[in-house]
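structural data only, the sequence is not supplied:
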């Protein structure tokens, strides 16, 4: 009986740890959305800009395919496509063919997107530091 009780306690501890992680994620997401809202962004918008900024820093000159972005920001491809369309409408990203690789549509930051990312990145990192540091 003690083994079963120990197993149940371990299982409950695991469930509580999972719920704590979900709670931290939700609180952090809300804080990010609140902080980024004044810049016309939500947390998911910023994540896409951040991934694209990283691609530029790695000299991936023609950006990423939507599927490659989806793998990094954990959104469905359809939700990500809508988000990218909104960012494109706002002039922050552009879609086009890569001169070196014509196998699909790529998404890249515009100058306006790079500037906004640079302005907002310290704010996003400060929220992450505050929320994720014990």
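Nice, I can see it. As the structure is a computational prediction, the values presented were derived from the model and not from experiment.

select the longest helix from the protein.
helix 2-37 (DSSP state H).

how about that one: buried residues?
Applying a neighbour-count criterion of 16 or more other CB atoms under 10 Å, the buried positions in helix 2-37 are 28, 31-33, 35-36. Backbone N, C-alpha and C define where each C-beta goes, glycine included.

who does the helix or strand bottoming out on mean pLDDT in the chain touch, helix- and strand-wise?
Sorted by mean pLDDT, DSSP states H and E, the helices and strands of the chain end with strand 64-65, the least confident at a mean of 86. Applying 3 or more CB pairs under 8 Å, 6 or more residues apart in numbering; DSSP states H and E, one finds that strand 64-65 makes contact with helix 43-57, strand 105-109.

in a markdown table, list those along with mean neighbour count, mean pLDDT and distance to residue 119.
Converted to a markdown table, the helices and strands packed on strand 64-65 look like this (neighbours: other CB atoms under 10 Å; pLDDT from 0 to 100; distance: least, CB to CB, whole Å):
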| stretch | mean neighbour count | mean pLDDT | distance to residue 119 |
| --- | --- | --- | --- |
| helix 43-57 | 19 | 91 | 11 |
| strand 105-109 | 21 | 90 | 13 |
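
who wins for proximity to residue 129 among these?
helix 43-57 (15.0 Å; CB to CB).

what's the angle from the closest one to helix 2-37?
Computed by axes from the mean of the first three to the mean of the last three CA atoms, to 10 degrees, the angle separating helix 43-57 from helix 2-37 equals 80 degrees.

returning to that earlier point: looking at the buried residues of helix 2-37, which one is closest to residue 88?
residue 36 (18.2 Å).

for the closest one, give its distance to residue 9.
Separation of residue 36 from residue 9 (CB to CB, to the nearest Å): 40 Å.

grab the most central residue of the protein for me.
Nearest to the mean C-alpha position of the chain, counting by CA atoms, centre = their mean, stands residue 47 at 2.8 Å.
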